[in-house]
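>>> This is a predicted model, with the sequence first.
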Amino acid sequence: MHNWDDVRVFLAVARAGSLSAASPKLRMDPATLGRRMARLEEGLGAALFVKSPQGYVLTERGHDMQQQAETAEAALVRALETGQAADAGLSGQIRIGAPDGCANFLLPQVCARLQADNPGLEVQILALPRVVNLSQREADMAITVSPPKAGRLTVRRISDYRLHLAQHREAEPINDPAQLKDRGIVGYIPDMIFDKELDYLGQMAAGGLQLASNSVSVQLQMLRASRAVGFVHDFALPFAPELGRVLADRVSLTRSFYLVRHRADRGSARLDAVADTLTAGLKAEIARLEASLPD
């Protein structure tokens with residue numbers, strides 16, 4: 001007979017992929033975790049992991065158990081939410097993963113308002129230049145620029161946003177796209193573009209990539225410090241008054257943000273409320289910042 005604590009430990013190891021990675025979260029040393037997993041497997045009479053120097057990989061039986069355990073975990077969370085007073089507001093910890101452009105220029109304002117309205121809530125923003133892994137519970141929900149096509153996930157479209165070419169206001173004016181081939185370009189490091197929607201320069205007849213980063217925020221700072229040109233989110237431009245859009249009526253990109261959640265979290269009133277507030281807040285913040293730009 002195993003208790004919920006065994007399942008909790010199993011889930012942490014399954015999501016982390018190794019004993020050492022799960023150890024800090026569980027506040028147990030790896031040797032203790034190894035003994036706990038061995039005892040669990042012995043009690044079940046089945047191997048849940050394939051162990052190697054690289055980590056713990058789930059067996060087919062382990063995958064099945066993880067799915068069932070996550071369903072039970074979500075049901076437990078919902079039960080606790082039901083017992084919470086309706087007028088107490090949201091509480092606990094929420095971690096939101098997002099690409100760094102959204103995380104730097106949109107989420108701070110939206111999450112600050114969310115937390116101010118719910119003093120018992122701790123909001124964490126996980127800014128990563130890659131797709132957040134919800135299956136390993138890196139975050140409770142994630143914002144992406146493409147809807148995922150695989151995994152036990154639910155997807156909700158948030159809003160479109162726009163990007164334009166921009167450069168320092170003291171740089172030589174650009175009046176024709178043909179001039180771009182003679183200008184230095186700021187953009188993503190090509191082999192670190194983690195989503196096809198971020199390949200802004202792929203079809204442009206532009207000059208050579210002179211300054212590059214895997215971070216949108218770093219790219220913005222590069223544009224502020226140089227006379228190069230590059231794509232910038234319209235919602236980020238108010239944070240860089242030194243920059244101005246160029247060829248705004250001729251070169252423009254439209255992309256979308258999506259809110260992604262783990263399917264096991266469906267029916268969680270707490271997470272549903274955060275998702276609703278987050279979606280509405282991001283949509284409003286994008287509109288506000290884009291409307292503040294000069295025509």
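The structure has been received and is ready for your questions.

>>> So Gln210 sits against Gly187, correct?
No - with contacts counted by CB atoms under 8 Å, Gln210 stays clear of Gly187, the gap being 9.3 Å. (C-beta placed from N, C-alpha, C; glycine too.)

>>> Give me the neighbour count for the closest residue to Pro173 other than its chain neighbours.
Leaving aside its chain neighbours, Pro173 sits nearest to Val246 (7.5 Å; criterion: CB to CB, 6 or more residues apart in numbering). Val246 is flanked by 20 other residues according to other CB atoms under 10 Å.

>>> From what I see, Val246 and Gln167 are in contact.
Yes - using CB under 8 Å, Val246 makes contact with Gln167 at a distance of 5.6 Å.

>>> anything in contact with each of the two?
174, 229 (CB atoms under 8 Å, 6 or more residues apart in numbering).

>>> Give the other helices and strands that the host helix or strand of Leu165 contacts.
For Leu165, the element it lies in under DSSP states H and E is strand 153-168. When contacts are defined as 3 or more CB pairs under 8 Å, 6 or more residues apart in numbering; DSSP states H and E, strand 153-168 sits against helix 216-225, strand 229-233, strand 243-245, strand 252-262, helix 269-291.

>>> tell me which residues in it are buried?
Buried positions in strand 153-168, judged by neighbour count with 16 or more other CB atoms under 10 Å: 153-154, 158-159, 161, 163-168.

>>> These into CSV, with extra columns for pLDDT and distance to Val123?
Output for those, formatted as CSV (pLDDT from 0 to 100; distance: CB to CB, whole Å):
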residue, pLDDT, distance to Val123
Leu153, 87, 21
Thr154, 89, 21
Ile158, 96, 17
Ser159, 95, 20
Tyr161, 96, 21
Leu163, 95, 27
His164, 95, 30
Leu165, 95, 33
Ala166, 95, 30
Gln167, 95, 35
His168, 96, 34
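
>>> now for those, which pair is the farthest apart?
Thr154 and His168 (42.1 Å; CB to CB).

>>> My guess is Tyr105 contacts His233. True?
Tyr isn't right for residue 105; it's Phe. Yes - counting by CB under 8 Å, His233 is a contact partner of Phe105 at 6.8 Å.

>>> So if I had to pick from Gln210 and Gly187, which one is more boxed in?
Gly187 (24 against 14).

>>> can you count the residues close to the residue lying closest to the more buried one once chain neighbours are set aside?
Excluding its sequence neighbours, the residue lying closest to Gly187 (CB to CB, 6+ apart) is Leu201, at 5.0 Å. Here the count is done by other CB under 10 Å, and Leu201 has 18 residues near it.

>>> Same question for Tyr258.
17.

>>> residues in contact with it?
143-147, 155-158.

>>> Can you tell me who it pairs with across the strands?
When assigned by DSSP bridges, Tyr258 has beta-bridge partners Thr144, Arg157.

>>> Ramachandran coordinates for the residue most central in space within the chain?
In the chain, the residue lying closest to the centroid (CA atoms, centre = their mean) is Ala98, at 2.4 Å. Main-chain dihedrals, Ala98, degrees, to the nearest 10: phi -160, psi 150.

>>> quick one: pLDDT of the residue nearest to Pro173?
Note on Val246: pLDDT of 94.

>>> And Ala205, by the same measure?
52.
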